[in-house]
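Undergrad: I need the structure of the sequence given here:
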Amino acid sequence: MAEVALILFSWIWSAAFPNDQVRSLLSSEGLRWFFGHFSEILATPLMVNILLMGMAYGCLRRCGVLAYSNTYRERRALLMSLGLLVVYAVALLLLTILPHAVLLSATGHLFPSPFASSLLPVLAFSIVTSSMLYGAVMERIRHIGHVYDSLLDGLRSITPFILFYILFMQIYESIRFVFG
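TA: Numbers count the residues shown, from 1 in each chain. As a prediction, this is how the structure comes out:
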């Protein structure tokens, strides 16, 4: 509704006050912008991070890590998963704290750097792989179909957030176009 109201407002305002800086979304320029930039508006690192963290959440939930009880098999699975996370942490430390580390910026800082840019994707990958290891040891993950199901379960659970993100980004960028 907000997008429709903005379209009508920008059209009426630009027709009533043509010398103002308000651009109409119904003009040729506005329509070209709207159709030409739709994918560009949505293809952001934030969208990728939302998708990756959703998949990681699905793996945590489906593999049973979040429903932990203190049995021998679960302790063993948890220790193996934590061991894998320690290996990831050591690898990241070696790639960032050594002199001339490859994940540091050109000036030698962590922020901004390739490390900072990839922090959430690396976190999601480590959660997915350690959860899958936990699920495999617990025999909740028996074949590749279970892996796909757990990844898709996470995406299903964040669908409302994805829809909100799409609608919010579209109205935000439309407002920037109309008044920018």
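Undergrad: CA atoms for contacts and neighbours, from now on please.
TA: Noted.
Undergrad: buried stuff in the lengthiest helix in the chain?
TA: When the chain is parsed with DSSP state H, its longest helix is helix 72-96. Buried residues in helix 72-96, counting neighbours by 16 or more other Cα atoms under 10 Å, are found at 74, 77, 78, 80, 81, 82, 84, 85, 88, 95, 96.
Undergrad: what does stretch 132-144 give?
TA: For stretch 132-144, by 16+ other Cα under 10 Å, it's 132, 133, 134, 135, 136, 137, 138, 140, 141.
Undergrad: measure that stretch end to end?
TA: End-to-end distance of stretch 132-144 (Cα to Cα, to the nearest Å): 10 Å.
Undergrad: coming back round to it: pick the one among the buried residues of stretch 132-144 closest to residue 154.
TA: Nearest to residue 154 among the buried residues of stretch 132-144 is residue 132, at 13.4 Å by Cα to Cα.
Undergrad: ok now the helix or strand containing that closest one, how far from the chain's centre?
TA: Here residue 132 sits within helix 119-137, counting by DSSP states H and E. Taking Cα atoms, centre = their mean, to the nearest Å, one finds the center of helix 119-137 at 15 Å from the center of the full chain.
Undergrad: for stretch 117-128, same thing?
TA: From the chain centre to the centre of stretch 117-128 is a distance of 10 Å (Cα atoms, centre = their mean).
Undergrad: again, but for stretch 154-170
TA: Chain-centre distance of stretch 154-170: 10 Å, with Cα atoms, centre = their mean.
Undergrad: quick one: contacts for the residue nearest to the spatial centre of the chain?
TA: In the chain, the centroid-proximal residue (Cα atoms, centre = their mean) is residue 49; its distance is 1.7 Å. The contact partners of residue 49, taken as Cα atoms under 8 Å, 6 or more residues apart in numbering, are 120, 121.
Undergrad: nothing else from me, thank you.
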